[in-house]
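*Asks:* My questions are about this predicted structure, shown below with the sequence.
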Amino acid sequence: MAQATQITLDNQTFPSFRSKLNESLNALNSLHSGTSRPASATTGTIWLDVTNSGSNSLTVKFFDGSDDISLATIDTSANTVNWLDSSVTLTSPVSISGSSSAGAEIRLPEDTDNGSNYVGLKASDSISSNVTFTLPNADGTADQIIKTDGSGNLSFTDVSGGTDWQSSIKTANFTATSGEGYFINTSGGAFEVDLPSSPSVGDEIEFVDFSRSFGTNALTLDQGSNKFQGNATSPKPVYDTDGQSIRIVYSGSTQGWIPLVDDDVTFETPQTVSADILIVAGGGSQGNGLSDPKYASGGGGAGGFRTSTSGLTPGASYTVTVGAGGVQNASSGTGTNGSDSSISGTGVSITSAGGGCGGDGVNDGEAATVQGGQNGGSGGGGGAIKQTAGSGNTPSTSPSQGNNGGTGSTDGVTAGGGGGGAGATGANGNGDVAGGNGGNGTASSITGSSVTYAGGGGGGCGLNNSNNGTAGTGGSGGGGNGNGSGIGNNGTANTGGGGGGSRGDSGGTGGTGGSGVVIIRVLTADYSGTTTGSPTVTTDGSHKVIKFTGSGSYTA
């Protein structure tokens with residue numbers, strides 16, 4: 001420790017001069033070290049306070065003419081310098097070096113502290129190359145953190161991950177916020193949560209069944225215009241298992257929200273899109289009028305008529321079969337039933353039965369070689385002379401896919417019964433006066449316009465004393481008219497109408513049944529555009545209508 005009473009040299013003898021000079025040089029050489037400010041201090045004097053030297057701490061101080069300002073502390077054990085001014089502005093590159101064993105450290109002390117409390121910045125001892133960090137040029141927002149781009153450039157970013165659990169228990173509809181968790185109590189009734197309308201990739205939300213009541217009162221999530229598990233806008237995901245914990249993350253526009261956790265790991269978006277479906281089978285042809293013009297055949301029954309509102313599984317393929325109308329049997333001349341129409345695929349299997357053919361007109365001697373009206377979606381009309389009609393709704397379905405045919409008359413000059421239609425039973429043949437009318441079909445507006453399908457064929461009428469009787473008319477919905485002079489009219493194609501009956505002679509060929517149709521109606525938003533078999537696709541308001549007049553498939 002060395003301090004001088006003054007750093008001036010008065011006129012004096014040489015021994016005194018030398019002693020005073022050495023005192024001044026020692027003071028300068030030791031930075032005026034002492035436990036108090038040196039007596040010789042003047043404005044601008046820097047001196048070393050050694051009061052705490054026993055604890056290996058020295059303080060460099062600056063005298064401003066009235067007060068001592070602490071500049072830095074020196075740790076003589078760690079060999080480090082700790083600058084104390086927290087508002088220092090560095091205008092040139094500064095390098096602070098520590099010992100070879102401890103590395104360099106910059107310490108930022110508390111505002112009012114003398115350096116014993118600080119925040120230190122120190123490089124890792126294992127650095128293998130120089131690293132420079134570029135700080136952001138502006139402050140971030142509340143709760144952001146600093147991240148690096150991997151090249152030393154630092155920036156502020158929002159915190160991702162973690163859940164901000166809300167203390168209030170949710171008991172009614174609300175809008176969720178990304179990053180939050182919610183305790184859901186549905187014990188008072190099911191309700192719905194609206195998901196954020198503009199989520200970002202990586203956003204997460206959590207829900208837990210607070211009251212273990214999801215099984216009784218489900219929680220529904222409304223994804224709005226965003227997808228959930230790849231499904232757009234609808235259907236909505238429904239959670240209905242007691243005690244479920246749910247955590248979802250937004251993956252982007254392709255798949256939308258995806259569950260990270262939902263306990264039972266199910267595909268929570270209901271796995272179907274709603275579709276209205278119409279399935280009409282091929283109509284039956286007329287029976288055989290044989291060779292005698294007195295004996296008329298019955299009209300063909302309409303193809304089975306069925307409708308359904310079904311759930312189609314996205315990505316699943318649904319096979320469509322459109323039944324052909326019945327024709328006359330080439331070997332016997334008798335009629336044939338129409339072919340079935342159907343749609344089948346995941347969760348859906350619906351078949352409409354082909355219409356029964358009309359019964360043969362027959363005289364008494366031929367009774368063993370002919371057939372009556374046949375069963376089918378709708379039954380065929382009975383032929384002349386005690387020929388029974390076919391039964392409709394065969395096989396049985398609920399609601400019914402069709403009706404019975406009418407019976408043929410039993411008088412000497414006879415008429416065939418009308419084929420059954422989807423909406424009504426075929427009329428009985430009326431003696432030698434008129435064939436029975438075909439049963440009317442049923443209207444559907446699945447295409448956007450009302451169209452009647454599946455009408456029964458009209459019964460034929462035999463020749464009465466060289467005068468043709470009155471043939472039955474076909475039922476509305478494509479049923480062919482009967483004919484009293486020869487050829488029965490065909491059922492209308494793609495309506496499933498039954499063929500019209502005719503009288504029996506060499507010109508008495510029967511009417512064929514109309515082919516069937518399968519129509520699928522879905523929301524345009526749910527329409528995949530993937531089909532085979534070249535169906536006709538039209539737009540009706542917010543829906544797509546896919547009409548198959550031949551077999552093919554649709555992928556939901």
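*Replies:* Arrived safely. Residues are numbered from 1 along each chain as shown.
*Asks:* burial of Gly34, as a residue count?
*Replies:* Using other CB atoms under 10 Å, Gly34 has 18 other residues around it. Using the backbone N, CA and C atoms, a C-beta is placed for each residue, glycine as well.
*Asks:* That one pairs with what?
*Replies:* Judged by DSSP bridges, the bridge partners of Gly34 are Asp49.
*Asks:* ok, it to Gln166 distance?
*Replies:* 63 Å (CB to CB, to the nearest Å).
*Asks:* Then Val208?
*Replies:* Val208 is 11 Å from Gln166, where distance means CB to CB.
*Asks:* Give the residues shared as contacts by these two.
*Replies:* Shared contacts of Val208 and Gln166 (CB atoms under 8 Å, 6 or more residues apart in numbering): Gly181, Tyr182, Phe183.
*Asks:* Now do the strands in the stretch 401-550 of the chain.
*Replies:* Listed in chain order, the strands of the stretch 401-550 of the chain (DSSP state E, counting those that start in this stretch) span 442-444, 451-453, 463-464, 467-468, 517-523, 530-532, 536-540, 543-548.
*Asks:* Same list (these) but as JSON lines, adding mean pLDDT.
*Replies:* Putting the strands of the stretch 401-550 of the chain into JSON lines (pLDDT from 0 to 100) gives the following:
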{"stretch": "strand 442-444", "mean pLDDT": "97"}
{"stretch": "strand 451-453", "mean pLDDT": "96"}
{"stretch": "strand 463-464", "mean pLDDT": "65"}
{"stretch": "strand 467-468", "mean pLDDT": "60"}
{"stretch": "strand 517-523", "mean pLDDT": "96"}
{"stretch": "strand 530-532", "mean pLDDT": "95"}
{"stretch": "strand 536-540", "mean pLDDT": "96"}
{"stretch": "strand 543-548", "mean pLDDT": "96"}
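*Asks:* now those strands in TSV, with distance to Ser57 and mean neighbour count?
*Replies:* Putting the strands of the stretch 401-550 of the chain into TSV (distance: least, CB to CB, whole Å; neighbours: other CB atoms under 10 Å) gives the following:
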stretch	distance to Ser57	mean neighbour count
strand 442-444	97	19
strand 451-453	100	24
strand 463-464	134	21
strand 467-468	132	12
strand 517-523	79	24
strand 530-532	80	15
strand 536-540	86	12
strand 543-548	84	21
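*Asks:* Throw those strands into a markdown table and include distance to Ala232, thanks.
*Replies:* Formatted as a markdown table, the strands of the stretch 401-550 of the chain follow (distance: least, CB to CB, whole Å):
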| stretch | distance to Ala232 |
| --- | --- |
| strand 442-444 | 28 |
| strand 451-453 | 30 |
| strand 463-464 | 65 |
| strand 467-468 | 62 |
| strand 517-523 | 10 |
| strand 530-532 | 16 |
| strand 536-540 | 17 |
| strand 543-548 | 14 |
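*Asks:* how much space between the most far-flung residue of the chain relative to its centre and Glu23?
*Replies:* Distance from the C-alpha centroid of the chain, by CA atoms, centre = their mean, peaks at Thr13 (105.6 Å). Plainly put, Thr13 is 15 Å away from Glu23 if you go by CB to CB.
*Asks:* Stretch 328-336: end-to-end distance?
*Replies:* Distance across stretch 328-336, first residue to last, is 6 Å (CA to CA, to the nearest Å).
*Asks:* again with stretch 181-190
*Replies:* 19 Å.
*Asks:* do stretch 381-388 as well
*Replies:* Stretch 381-388: ends 8 Å apart by CA to CA.
*Asks:* The stretch 201-350 of the chain: strands as residue ranges?
*Replies:* Counting by DSSP E, counting those that start in this stretch, the strands of the stretch 201-350 of the chain are 204-209, 219-222, 227-228, 231-232, 238-239, 245-250, 257-261, 273-280, 305-312, 317-321, 341-345, 348-352.
*Asks:* which one of these lies closest to Glu192?
*Replies:* Glu192 sits nearest to strand 219-222 of all these, at 4.4 Å, using CB to CB.
*Asks:* Neighbour count: Val208 and Gln166, which is higher?
*Replies:* Val208 (17 against 14).
*Asks:* By mean pLDDT, point me to the weakest helix or strand of this structure.
*Replies:* strand 467-468 (a mean of 60; mean pLDDT, DSSP states H and E).
*Asks:* Okay, now the unreliable bits of the stretch 151-300 of the chain?
*Replies:* 159-161, 233-234, 262-271, 289-293 (pLDDT under 70).
*Asks:* try 90
*Replies:* 151-164, 215, 224-225, 227-241, 243-245, 254-255, 258-274, 286-298 (pLDDT under 90).
*Asks:* Near Gln374, how many other residues are there?
*Replies:* Gln374 has 29 neighbours, counted by other CB under 10 Å.
*Asks:* can you check Asp203 too?
*Replies:* Asp203, neighbours per other CB under 10 Å, totals 18.
*Asks:* any idea how far it is from Phe214?
*Replies:* Here Asp203 is placed at a distance of 23 Å from Phe214 (CB to CB).
*Asks:* Can you show me the helices along this structure?
*Replies:* In the chain, the segments counted as helices under DSSP state H are 14-29.
*Asks:* hey, what's the residue most central in space within it bridged with?
*Replies:* What sits nearest the mean C-alpha location of the chain, by CA atoms, centre = their mean, is Asn231, with 1.2 Å. On the basis of DSSP bridges, Asn231 is bridged to Phe228.
*Asks:* measure stretch 342-349 end to end?
*Replies:* Using CA to CA, the end-to-end distance of stretch 342-349 comes out at 7 Å.
*Asks:* That stretch: which residues count as buried?
*Replies:* For stretch 342-349, the neighbour count (16 or more other CB atoms under 10 Å) marks Ser342, Ile343, Gly345, Thr346, Val348 as buried.
*Asks:* Where is pLDDT lowest across these?
*Replies:* Ranked by pLDDT, the buried residues of stretch 342-349 bottom out at Thr346 (89).
*Asks:* so what are the domain limits for this structure?
*Replies:* Following automatic domain parsing, one gets these domains for the chain: 14-122, 164-270, 272-556.
*Asks:* ends of the last one, how far apart?
*Replies:* Think domain 272-556. 9 Å.
*Asks:* mind checking how far Gly224 is from Thr175?
*Replies:* Gly224 is 10 Å from Thr175, by CB to CB.
*Asks:* Have a look at those two and say which one is more surrounded.
*Replies:* More crowded of Gly224 and Thr175, by other CB under 10 Å: Gly224, with 17 against 11.
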